[in-house]
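J.: Got a sequence here, can you model it:
(chains A and B)
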Number of protein chains: 2
Amino acid sequence: MNQHTVKAFDNDIGQLRGLVAQMGGLAEEAIVKAMQALGRADLSLAEEVRAGDAAIDRLEAEVERLAVRVIALRAPLANDLREVVAAMKIASVVERIADYAKNIARRIPQIEGEHRIEPVSILPAMGRMAGEMVRHALDAFGARDADAALAVLDSDRALDDFYDSIFRTLVTYMVENPATISQVAHLLFVAKNLERIGDHATNVAEMVYFAATGIQIADRGGKERN
Amino acid sequence: MNQHTVKAFDNDIGQLRGLVAQMGGLAEEAIVKAMQALGRADLSLAEEVRAGDAAIDRLEAEVERLAVRVIALRAPLANDLREVVAAMKIASVVERIADYAKNIARRIPQIEGEHRIEPVSILPAMGRMAGEMVRHALDAFGARDADAALAVLDSDRALDDFYDSIFRTLVTYMVENPATISQVAHLLFVAKNLERIGDHATNVAEMVYFAATGIQIADRGGKERN
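T.: Sure, this is the predicted structure:
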């Protein structure tokens, strides 16, 4: 590339990073708000999360258009190409993360029955953990920090253990309080959504690691939980 | 493009379509086998589905590499570019569909307790419906058939209704048979995975429609179920 092209490419990649960071911020906020809405039985906050998802979808479409244009116009090589493709893939994963937050928000009306069910109180801590994983994975992308990306993989193991414990707690609660089964079934899905958010934050971290180093982290395909 | 480039592009796009069709076939097979494994409590078939997922992941990586190369080398315009991007995005969705089939396969050991639980028998029909949606969406892509893509959207409404009915049936069963709650909770997740497969088949159909017509189907964001 000549000097002019290099500068144009740097601008493009900077813009891509900015859009992805913006998406990450919105996705993390959606998780935090969804869990607040659940904790406080705040249906209007839940609706806000649901409505906010369209903005994230639009940003993803923008990342895709820009990435395709950059590849077509600047024909970047090796490292640079890896970075553009990573931005596009990460945007798609962040969009999925935001979808999980939206799904949590959507369940809240069904979790709020006549009476508050007690296990609702154990979910916010899991939500915080998942939200932080998303932030750390996106920060690692912003800083091209392979080590920070690896740390996200460790958090995912902790989140998976948390999920397993919550799954058992919720099943026990259902057995003991059959009248609440329908509400608690929705909580099971909320816990599962948080666990999936952690998996996706891990995927982002793996992509960041690959974009930064060119090395694929060994297939971690065995990590999906019940 | 000159004559030579056009021919090279046609070859590339043909190869992309072939890879995506191959992925679709494997994903549909994974759904069928996972549901057979569930129906027959066949743990070795379940393990086969789990192990087969790596082949689909490899195909997706191949589609991505080829698509990026085509965009960079041939700089396709408008319609052609839309088609290459669609192939890449559809491959990514098909990979997710196969992941859901893998997740179903993984749950089977936990569903098979000391006694067979009766609601297992209602899931295979839902599995067939979801598998057919995947096949129809991929067939529509292969045939660039916008009308066939629209038909998939109608099937999704039927699948969503099926899911809602299964959700209620499973919750009722848990209330009446508290000893089976843990097993039935896993079945709830199986039903949810099938419902998500239908959502993703719908996404594919929307992408096929857009690739074929250049028109975005109005945002169907409201369709996610409990």
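J.: Contact residues of chain A facing chain B?
T.: For chain A, the residues in contact with chain B (CB under 8 Å from any CB of the partner chain) are A:53-54, A:57, A:64, A:68, A:71-73, A:75-76, A:81, A:85, A:92, A:99, A:102-103, A:106-107, A:110, A:167, A:170-171, A:174-175, A:178-179, A:181-182, A:185-186, A:188-189, A:192, A:219, A:221, A:224, A:226. For the C-beta atoms, the positions are set from N, CA and C on the backbone; glycine is no exception.
J.: tell me the contacts of the most centrally placed residue in chain A?
T.: With distances taken as CA atoms, centre = their mean, the residue of chain A nearest its centroid is A:Ile97 (3.3 Å). Going by CB atoms under 8 Å, 6 or more residues apart in numbering or on different chains, A:Ile97 touches A:27, A:31, A:134, A:197, A:200-201.
J.: Relative to chain B, which of these is nearest.
T.: For the contacts of A:Ile97, the residue nearest chain B by CB to the nearest CB is A:His200; the value is 10.8 Å.
J.: if I read this right, that closest one contacts A:Arg96, doesn't it?
T.: Yes - counting by CB atoms under 8 Å, A:Arg96 is a contact partner of A:His200 at 5.6 Å.
J.: Which members of the contacts of A:Ile97 define the maximum pairwise distance?
T.: Using CB to CB, the pair of the contacts of A:Ile97 lying farthest apart is A:Ile31 and A:His200, separated by 11.2 Å.
J.: what distance separates stretch A:10-22 from the centre of its chain?
T.: 18 Å (CA atoms, centre = their mean, to the nearest Å).
J.: Ok, stretch A:28-40 next?
T.: For stretch A:28-40, the distance to the chain centre is 13 Å (CA atoms, centre = their mean).
J.: I would like the residues contacting that stretch, please.
T.: A:42-43, A:45-46, A:48-49, A:52-53, A:56, A:97-98, A:100-102, A:104-105, A:108, A:111, A:120-121, A:123-124, A:127-128, A:130-131, A:134-135, A:138, A:190, A:197.
J.: mean confidence for that stretch?
T.: In this model, stretch A:28-40 has an average pLDDT of 96.
J.: try stretch A:92-111
T.: Summarised as a single mean, pLDDT over stretch A:92-111 is 95.
J.: related to what we said a few turns ago, and the contacts of A:Ile97 as JSON lines, adding neighbour count and secondary structure?
T.: JSON lines is the format used below for the contacts of A:Ile97 (neighbours: other CB atoms under 10 Å in any protein chain shown; DSSP: H, G, I helix; E, B strand; the rest coil):
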{"residue": "A:Ala27", "neighbour count": "31", "secondary structure": "helix"}
{"residue": "A:Ile31", "neighbour count": "27", "secondary structure": "helix"}
{"residue": "A:Val134", "neighbour count": "27", "secondary structure": "helix"}
{"residue": "A:Ile197", "neighbour count": "28", "secondary structure": "helix"}
{"residue": "A:His200", "neighbour count": "25", "secondary structure": "helix"}
{"residue": "A:Ala201", "neighbour count": "31", "secondary structure": "helix"}
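J.: Many thanks, have a good one.
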